[in-house]
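Chemist: coords please:
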Amino acid sequence: MSARAIHVFDGLEALLAAAARSFVRCAREAIAARGRFTVALSGGSTPKPLYQRLSAEPSRSEVDWNRVHIFWGDERCVPPDHVDSNYRMAREAMLDSLPIPREQIHRMEAERADREAAARDYEAALARVFGVSTEGEPPSLDLILLGMGPDGHTASLFPGTKALEETVRWVVVNRVPKFNADRLTMTKPILNRAREVLFLVAGGDKAEVLAEVLNGPADPLRLPSQSIRPQGQLVWFVERAAAAKWKESTAIS
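Modeler: Now for the predicted structure:
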């Protein structure tokens, strides 16, 4: 497991510019090494302007989008045209503007009545793309984008929820009591197999919990973002207001 890197930016624009450069770098390195780039997108407010930036120049021309496979780290149980859909946000902000083959955009069908079947079908889709079995080790995505909520959740791994205990399945249905709703989410076994995980965190409302996540003590059931420790690179891009209470000298590596 690689040591984590934490970068603090003076403002959201600087963070987004750096995130776009990192996305392009990961894509180019993956395509050069393995012929394609596999990435899991995040929902939330911070990624949207990143996706818009990636679909515009210069980023648009810096990636061979025909060789990109798009996945999602989690999804709300709503139709794909719903205002709360992570898929809809990414489609409108980025995917509609890019020449990614439609069959390489792998949506979580979280609106299905049988959510357990939808979760297993997403595992099967991952297995097909990577040429592996759902009964074996999870595949390694090249990049997973994650955010962090003010409660320390990431993807749809919320504090105290059952999905945090999953050690085998790659994608599960997770009941989130605070919303009285189900979510589909990738789990730690596949999130922590990534070649690179990039957290994007902005806003002063995250400052208290970010300091706890980064400085410890370890309490991943209460602070799920602490449970993300990939075999590859773990990178945090943090806006200055969100880093206000973080003390670098006491950070846990």
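
Chemist: And the strands in the stretch 101-250 of the chain?
Modeler: Here the stretch 101-250 of the chain has its strands, by DSSP state E, counting those that start in this stretch, at 143-146, 171-176, 181-186, 196-201, 233-239.

Chemist: so which of those strands comes closest to residue 107?
Modeler: strand 181-186 (10.5 Å; C-beta to C-beta). Placement of C-beta: from N, CA and C, glycine included.

Chemist: what's the angle from that closest one to strand 171-176?
Modeler: 150 degrees (axes from the mean of the first three to the mean of the last three C-alpha atoms, to 10 degrees).

Chemist: circling back: out of the strands of the stretch 101-250 of the chain, nearest to residue 68?
Modeler: strand 143-146 (10.4 Å).

Chemist: Neighbouring strands - and their directions - for the closest one?
Modeler: Here strand 143-146 is paired, per DSSP bridges, with strand 37-41 (parallel), strand 196-201 (parallel).

Chemist: and of those strands, who's closest to residue 174?
Modeler: strand 37-41 (15.9 Å).

Chemist: hmm, back to that, quick one: the strands paired with strand 143-146 as JSON lines, columns for distance to residue 142, mean neighbour count and mean pLDDT too.
Modeler: Shown next, in JSON lines, are those (distance: least, C-beta to C-beta, whole Å; neighbours: other C-beta atoms under 10 Å; pLDDT from 0 to 100):
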{"stretch": "strand 37-41", "distance to residue 142": "5", "mean neighbour count": "24", "mean pLDDT": "98"}
{"stretch": "strand 196-201", "distance to residue 142": "7", "mean neighbour count": "25", "mean pLDDT": "98"}
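
Chemist: In a markdown table, list these along with distance to residue 188.
Modeler: Putting the strands paired with strand 143-146 into a markdown table (distance: least, C-beta to C-beta, whole Å) gives the following:
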| stretch | distance to residue 188 |
| --- | --- |
| strand 37-41 | 13 |
| strand 196-201 | 11 |
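
Chemist: Which of those strands sits closest to residue 101?
Modeler: Of the strands paired with strand 143-146, the one closest to residue 101 (C-beta to C-beta) turns out to be strand 37-41, at 12.9 Å.

Chemist: The closest one: how far from the chain's middle?
Modeler: Offset of strand 37-41 from its chain centre (C-alpha atoms, centre = their mean, to the nearest Å): 9 Å.

Chemist: ok, now stretch 179-186?
Modeler: 15 Å.

Chemist: Identify the residues contacting that stretch?
Modeler: Outside stretch 179-186, the residues that touch it by C-beta atoms under 8 Å, 6 or more residues apart in numbering are 40, 73-77, 108, 110, 115, 118-119, 122, 144, 155-157, 163, 170-176.
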